[in-house]
Every structure is written in structure tokens, then in C-alpha cells.
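Enquirer: Pasting the sequence and the predicted model now:
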Amino acid sequence: MDSMATCLASLRVRIDPEQIYFLKFILEAYDNLTIMSTVDRLEGVVELKYPPELGNEVRQLLQSMAQRLKLEDFNP
């Protein structure tokens, strides 16, 4: 396994499945902030991997979109 991948923090959240494309689009605008993977597209479960030092930024961004995404399983 790549040593860089082992250094990344991970966060799984559940969002409105119809908003997966929106979250992906927004995250792509923030270069090198996160890597998003869809775990279960029907349930809206996504996993975000990011450098640990960017954890606050990732959480703040998710918190700012929580209502639109119908975000669940998220503890800021």
C-alpha cells in the first residue's frame, strides 16, 4: 500500500444520495483538500480521505453544507 494513503485521515458520512454529485463538484473546487469515494450510492454513504492537518477545514466545509446535503453521522 502507498505510504501516503496510510497517512490520510478518513471520515464517512451519509448524505442525500441525490447530492453526491454536488458534494463531489464542490470538493473538486478545493484542490488537494480531500479524496471522495462513494461507499454506497443508494444510501448516500461517502468517505472522505484527507491529510490530518486539514481536518478542521474539511469539517467546516461539511458543516457549512450540512443542511443542503442532509448530512448525517457527522460530529464537528
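Expert: Arrived safely, thanks for sending. Residues are numbered from 1 along each chain as shown.
Enquirer: need the contact list for residue 52.
Expert: With contact set as CB atoms under 8 Å, 6 or more residues apart in numbering, residue 52 has these partners: 7, 8, 9. (Each C-beta comes from the backbone N, C-alpha and C, glycine too.)
Enquirer: you'd agree the last one is up against residue 53?
Expert: No: if you go by CB atoms under 8 Å, residue 9 and residue 53 don't touch, sitting 9.0 Å apart.
Enquirer: Comparing those two, which residue is more hemmed in?
Expert: residue 9 (14 against 8; other CB atoms under 10 Å).
Enquirer: gap between the residue lying closest to that one once chain neighbours are set aside and residue 68?
Expert: Excluding its sequence neighbours, the residue lying closest to residue 9 (CB to CB, 6 or more residues apart in numbering) is residue 52, at 4.5 Å. Counting by CB to CB, to the nearest Å, the gap from residue 52 to residue 68 is 26 Å.
Enquirer: same thing with residue 53?
Expert: The gap separating residue 53 from residue 68 is 26 Å, by CB to CB.
Enquirer: Present the contacts of residue 52 as JSON lines; the columns should include secondary structure, pLDDT and distance to residue 47.
Expert: Shown next, in JSON lines, are the contacts of residue 52 (DSSP: H, G, I helix; E, B strand; the rest coil; pLDDT from 0 to 100; distance: CB to CB, whole Å):
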{"residue": "7", "secondary structure": "coil", "pLDDT": "91", "distance to residue 47": "16"}
{"residue": "8", "secondary structure": "coil", "pLDDT": "95", "distance to residue 47": "10"}
{"residue": "9", "secondary structure": "strand", "pLDDT": "96", "distance to residue 47": "11"}
